[in-house]
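K.L.:
Quick check, what structure comes out for this input:
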Amino acid sequence: MTSPSHPSGTDRVAEAASAYPHSLVVNIQGDEPLIDPAAIDAAVLALLEDDDALMGTLAKRIEDVSEIMNPNVVKVVMGRDGRALYFSRSPIPYDRGGGAVYFKHIGLYVYRREFLLEYPQLPVGPLEQVEKLEQLRALENGYKIRVAETEYESLGVDTPEDLARVEQLFGTRGVWPSTSS
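P.N.:
Prediction:
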């Protein structure tokens, strides 16, 4: 449906959004099959409340300590204003004294349309290249990302083990039969 040459999902969403006049565009990433509609609303509302931010997303406080070192769980640090300072696959902040609070990024983005259409022309920087995180392109080019903190517990699907866990959950609920024999 979109060009196969796009370097990121945001580039693909920009191509798709160019055909529509909506002022906001929501991108729910495919690795978040269980996202709560209330979490989507929270990200949209946070962006609408921050006139200077052109992009919004979600974060949840990490409660399972195994997620801190897991590179498939993207971590985010925010400033006091609720805007993203950095996203990483590494544990950030570095905890020198025991007491750091970690937040995981939830795979959902909200964009102001004019920014989204400009995004594909932004240069890919070294941070996006090394971390393989598309939201870093916005930060590296000086754009603000508003982060809404949520209690929504993400069940992202990034590995075969994650898929098995979600399949088991769906199978238990009777919504999606397990594909395992």
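
K.L.:
Specify the local secondary structure of Tyr152.
P.N.:
Taken by DSSP: H, G, I helix; E, B strand; the rest coil, the conformation at Tyr152 corresponds to coil.

K.L.:
pLDDT at it, what is it?
P.N.:
pLDDT recorded at Tyr152 is 81.

K.L.:
Over to Ile35?
P.N.:
pLDDT, Ile35: 81.

K.L.:
Surely it is in contact with Asn27?
P.N.:
No. Using Cβ atoms under 8 Å, Ile35 is not in contact with Asn27, being 11.2 Å away. For glycine as for every other residue, the C-beta is placed from the backbone atoms N, C-alpha and C.

K.L.:
Now do the shared contacts for the two.
P.N.:
Both Ile35 and Asn27 are contacted by Leu108, under the criterion Cβ atoms under 8 Å, 6 or more residues apart in numbering.

K.L.:
Glu149 bridge partners, please.
P.N.:
Ala59 (DSSP bridges).

K.L.:
and it, how many neighbours?
P.N.:
Residues within reach of Glu149, counting by other Cβ atoms under 10 Å, total 15.
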